[in-house]
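[1] Structure for this input, please:
(2 chains)
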Amino acid sequence: MIEQGAKSETRADTAIPAPVGQGYTFGSVSDKISALVLTGRTPRGWWLGFLFSFLWLMILLYAIGYLVLEGVGIWGINIPVAWGFAITNFVWWIGIGHAGTLISAILLLLHQQWRTSINRFAEAMTLFAVACAGLFPLLHLGRPWFFYWLFPYPNTMKIWPQFRSPLIWDVFAVSTYMTVSLMFWYVGLIPDVATLRDRARSRLAQITYGILALGWRGSAYHWHRYEVAYLILAGLATPLVVSVHTVVSFDFAVANLPGWHSTVFPPYFVAGAIFSGFAMVLTIAIPLRAVYHLEDFISDWHLENMAKIMLATGLLVAYGYFIEAFMAWYGGNRFEQYVQLNRMFGPYAVWYWLLIGCNVLAPQLLWVKRFRRNTTLLLIVALIVLVGMWLERFVIIITSLHRDFLPSSWGMYSPTIWDWATLIGSVGLFLSLLFLFVRLLPIISMFEMRTLVSETQVHEHTARNLGEE
Amino acid sequence: MPQIFHRSFNTISKVSIASVVILLIGLTGATYVVGWSPYVTQEQIARVQPVPFSHQHHVGQLGIDCRYCHTSVETSAFAGMPPTKTCMNCHQEIWFGSSMLEPVRESYRKDQSIAWERIHNLPQFVYFNHSIHIHKGVGCVSCHGRVDQMPLTYQEHSLLMGWCLDCHRDPKKHLRPASAVFSMTWSASAEPSELGDRLMKENHIRGVEQLTSCSTCHR
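    Numbers count the residues shown, from 1 in each chain, chains lettered A, B, ... in the order given. Now for the predicted structure:
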């Protein structure tokens, strides 16, 4: 492995940068990362951020409380647009959740070592995003307390859910995704939690981390089993990266509705999911590394890699938009053509062109290396992409539904204050969980970073040798 | 570094993991047992009525037809509860001094209905029509059981949706000729399946697809 790495660096301009900054030892890596969690005093900035997120979370609680009391009528949904914000938000959040598994599973199997500095918080981000996503279909049920009717279990009604409906496939896809992501994240945390247990001073922290560490002592047996389990989980998670959003796209593509009924949906949804997922990882990584001074672990090179993935998936998404319009024309179906024209020039045209601006035009900046290296610009592009991907789902859902085949069943959709409150509230839930995670668990995998330290020394060694020649 | 956990913690953690699994299985099992039990469904539980009316006596011993009291069963969704007048048709002649029947006479005097306790209570979101079942050849006894043997009336079956569907998914076995619909004792003499097929055709009973469609019962 190490030899291969060295061979690929025969030319200086294609050299892979060292994964960890210079001058680190095994001890100092653990010191730096565990200190974020184990310092006695909580920084004031953290409190401010958490308070802000928590207030938004309370908005969500209030919105859900009122929804349970009054029913889904408080939202802007009605016939013909019965899906509205709830499903837009669901698809948006579940898409954001895709970066975590991609980084942790696929990049692991492809031996992409740069994933090590971002996989932990990307996985946490995935879990929190899936939690937010899971809320919306349940709230949209109308009677959320009967959510368990979604599962096929022997019941007194002697009926099963409709297995031919993509909505039940969704239940399986999302719950499997949640379970595997949670397992993956937790298994990866065990050695680090054990480090925290050993370094913690307070009794409470020792006991809490001790229980979470499941008796990890770092023996060779432990490491061997850990490696096997982690690889198996990576193998299990890999198909999920593709399957989950494919199933989500079936919610639309299987329906016989112009603007939804399209075979391009699965690949273009998966690309969109990874696109928005990496935008979210960047949105979190850039402030995080600035606040906690983690430039040695999350370097410009890491950010640039993510920017490149964003550019690539952004182009795939742009291709999706193009092919949708092209097929509407080429397919010759009048209804399909009408939906496409209505999207572009109808009452929701503003949103469509905003979406094109956010998802197609903005990422083009990332062709330029100078822009990819500019963290502020990168953060702005990532935020624009997040907005754009939300708009994409909004446009797909609303414009297809609001004008049915017959003009007599046409209608308009406009969100109410409760739609906005639930969306903002879900962002609050996401941020609150994220703040707790940053304070309570190591945001970067310490033991995996430690394995990269020796790698770094090898890099330095090779660089010296190359210089001498 | 001192030990954080005492040695006994090994056992405690194993036991607690096992107990969580057992507890979850137990809770699921308990939910199932309770959900199907008469405690929830109220089946087989006789209810106290203002007057201890006995179907066993009136139907089984005296042989009064169901329709003598439940007059609208053939023509409407509701089978109909008899007005006190129906009771008084007989009871102004017989047992007119019985103290047990005082509430009946009082109801008649005051012109106020007797407040019977409802036994078969379907949820409001279920559309149920007696007349269609009668006309398609479903006997009273199929759903209500042997009321001619009930001293106090009780619900024979669970009335759970699954119970409804048992018949709607396979109606053939539960059909009888029009002459036997109100009989408590009829049983198919020869080849029940042949009779079922014939009645399905004669009574124009729709296919299972339609009988089990959501909007057949939830309108």
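[2] Please work out the average pLDDT along the helix of greatest length in chain B.
    Ranked by residue count, the top helix of chain B under DSSP state H comes out as helix B:9-35. The pLDDT scores in helix B:9-35 average 94.
[3] same check, this time on stretch A:52-66
    Stretch A:52-66 shows a mean pLDDT of 97.
[4] again with stretch A:223-239
    Stretch A:223-239 carries an average pLDDT of 92.
[5] what are the phi and psi angles of residue 47?
    Picking chain A for this. Dihedral angles of A:Trp47 (phi, psi; degrees, to the nearest 10) stand at phi -60, psi -40.
[6] Actually, chain B is the one I wanted.
    phi -110, psi 150.
[7] Which residue is the nearest non-sequential neighbour of it?
    Leaving aside its sequence neighbours, B:Arg47 sits nearest to B:Glu117 (CB to CB, 6 or more residues apart in numbering or on different chains; 4.7 Å). From N, CA and C alone the C-beta is placed, and that goes for glycine too.
[8] next helix or strand past the longest helix of chain B?
    helix B:38-41 (DSSP states H and E).
[9] Give the buried residues for that following helix.
    By neighbour count on 16 or more other CB atoms under 10 Å in any protein chain shown, the buried set for helix B:38-41 is B:Thr41.
[10] Show me the residue of chain B that gets nearest to chain A, please.
    Chain A sits closest to B:Gly162 of chain B, with a gap of 3.1 Å, by CB to the nearest CB.
[11] burial count for that residue?
    By the criterion of other CB atoms under 10 Å in any protein chain shown, B:Gly162 has 15 neighbours.
[12] Tell me the secondary structure of it, please.
    Under DSSP: H, G, I helix; E, B strand; the rest coil, B:Gly162 falls in the helix class.
[13] That one - nearest residue in space that isn't next to it in sequence?
    Distances taken as CB to CB, 6+ apart place A:Lys158 nearest to B:Gly162, at 3.1 Å, with adjacent residues excluded.
[14] Do I have it right that A:Ile443 meets A:Arg120?
    Yes - counting by CB atoms under 8 Å, A:Ile443 touches A:Arg120, with 5.9 Å between them.
[15] List the buried residues for the helix or strand of chain B with the lowest mean pLDDT?
    Lowest on mean pLDDT, DSSP states H and E among the helices and strands of chain B sits helix B:192-202, with a mean of 86. Residues of helix B:192-202 classed as buried by neighbour count (16+ other CB under 10 Å): B:195-196, B:199-200.
[16] could those residues be laid out in TSV, adding distance to chain A?
    Formatted as TSV, the buried residues of helix B:192-202 follow (distance: CB to the nearest CB, whole Å):
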residue	distance to chain A
B:Leu195	26
B:Gly196	21
B:Leu199	24
B:Met200	22
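[17] B:His168: neighbour count?
    Using other CB under 10 Å, the number of residues around B:His168 comes to 17.
[18] mind checking pLDDT for the residue lying closest to it once chain neighbours are set aside?
    Nearest non-adjacent residue to B:His168, counting by CB to CB, 6+ apart: B:Leu211, 4.4 Å away. As predicted, B:Leu211 sits at a pLDDT of 94.
[19] just the one 4 residues further on next, same as before
    For B:Ser215, the pLDDT comes out at 94.
[20] phi, psi of it?
    Phi and psi for B:Ser215, reported as degrees, to the nearest 10, are phi -80, psi 0.
[21] picking that back up, list the residues that contact the residue nearest to B:Arg47.
    Contacts of B:Glu117 were listed using CB atoms under 8 Å, 6 or more residues apart in numbering or on different chains, and they are B:47-50.
[22] now these: which count as buried?
    The neighbour count (16+ other CB under 10 Å) marks B:Gln49 as buried among the contacts of B:Glu117.
[23] Now tabulate the contacts of B:Glu117 in JSON lines and tack on secondary structure and pLDDT.
    Formatted as JSON lines, the contacts of B:Glu117 follow (DSSP: H, G, I helix; E, B strand; the rest coil; pLDDT from 0 to 100):
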{"residue": "B:Arg47", "secondary structure": "coil", "pLDDT": "91"}
{"residue": "B:Val48", "secondary structure": "coil", "pLDDT": "92"}
{"residue": "B:Gln49", "secondary structure": "coil", "pLDDT": "93"}
{"residue": "B:Pro50", "secondary structure": "coil", "pLDDT": "93"}
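[24] hang on, the earlier thing: looking at the buried residues of helix B:192-202, which two lie furthest apart in space?
    The largest distance within the buried residues of helix B:192-202, taken as CB to CB, falls between B:Leu195 and B:Met200 and amounts to 9.6 Å.
[25] which residues do those two both contact?
    Counting by CB under 8 Å, 6+ apart, the common neighbours of B:Leu195 and B:Met200 are B:Leu175.
[26] Tell me if I am right that A:Pro258 is in a helix.
    No - counting by three-state DSSP, A:Pro258 falls outside a helix, being coil.
[27] what's the spacing between the residue of chain A found nearest chain B and B:Asp170?
    Nearest residue of chain A to chain B: A:Lys158, at 3.1 Å (CB to the nearest CB). Distance check for A:Lys158 against B:Asp170: by CB to CB, to the nearest Å, it reads 12 Å.
[28] now swap in A:Lys369 and tell me
    71 Å.
[29] do the same with A:Trp145
    Counting by CB to CB - A:Trp145 and B:Asp170 are separated by 33 Å.
[30] and the spatially closest residue to B:Trp186 that is not a sequence neighbour, how many residues sit next to it?
    Among residues not flanking B:Trp186 along the chain, B:Ala180 sits closest, at 3.9 Å (CB to CB, 6+ apart). Neighbour count of B:Ala180, defined by other CB under 10 Å: 16.
[31] Check the one 3 residues further on too.
    Using other CB under 10 Å, the number of residues around B:Ser183 comes to 16.
[32] my guess is A:Gly272 meets A:Thr313, correct?
    Yes - contact criterion CB under 8 Å: A:Gly272 and A:Thr313 qualify, at 7.4 Å.
[33] between these two, who's got more neighbours?
    Neighbours were counted for A:Gly272 and for A:Thr313 using other CB under 10 Å; A:Gly272 has more, 29 against 25.
[34] Three-state assignment for A:Thr263, please.
    Applying three-state DSSP: A:Thr263 is coil.
[35] Chain neighbours aside, what residue packs nearest to it?
    A:Ala253 (7.0 Å).
[36] Following the helix or strand that contains A:Gly388 in sequence, what is the next regular element?
    Here A:Gly388, judged by DSSP H and E, is contained in helix A:375-402. For helix A:375-402, the succeeding helix or strand toward the C-terminus, using DSSP H and E, is helix A:417-440.
[37] What residues of that following helix count as buried?
    Using 16+ other CB under 10 Å as the test for burial, helix A:417-440 gives A:418-419, A:421-423, A:425-439.
[38] what does stretch A:377-392 give?
    Under the neighbour-count criterion of 16+ other CB under 10 Å, stretch A:377-392 has A:377-379, A:381-392 buried.
[39] Any regions of chain B where pLDDT drops low?
    For chain B, applying pLDDT under 70 flags the ranges B:1, B:190-192.
[40] Point out the residues in it that sit beside chain A.
    With CB under 8 Å from any CB of the partner chain as the criterion, chain B meets chain A at residues B:1, B:4-5, B:10, B:13, B:35-36, B:158, B:160-162, B:165-166.
[41] again, only this time at 10 Å
    By the rule CB under 10 Å from any CB of the partner chain, the part of chain B lying against chain A is B:1-5, B:9-10, B:13, B:28, B:32, B:35-36, B:40-41, B:158, B:160-166, B:169, B:212, B:214.
[42] Next up, phi/psi of B:Leu175, please.
    B:Leu175 adopts backbone torsions of phi -100, psi 150, taken as degrees, to the nearest 10.
[43] The spatially closest residue to A:Gly84 that is not a sequence neighbour and A:Leu60: what is the separation?
    Of all residues not flanking A:Gly84 in the chain, A:Ile77 sits nearest, at 4.0 Å (CB to CB, 6+ apart). Distance, A:Ile77 to A:Leu60, using CB to CB: 18 Å.
[44] before we move on, back to that, how about the longest helix of chain B, which residues are buried there?
    Neighbour-count burial for helix B:9-35, counted by 16+ other CB under 10 Å, picks out B:Phe9.
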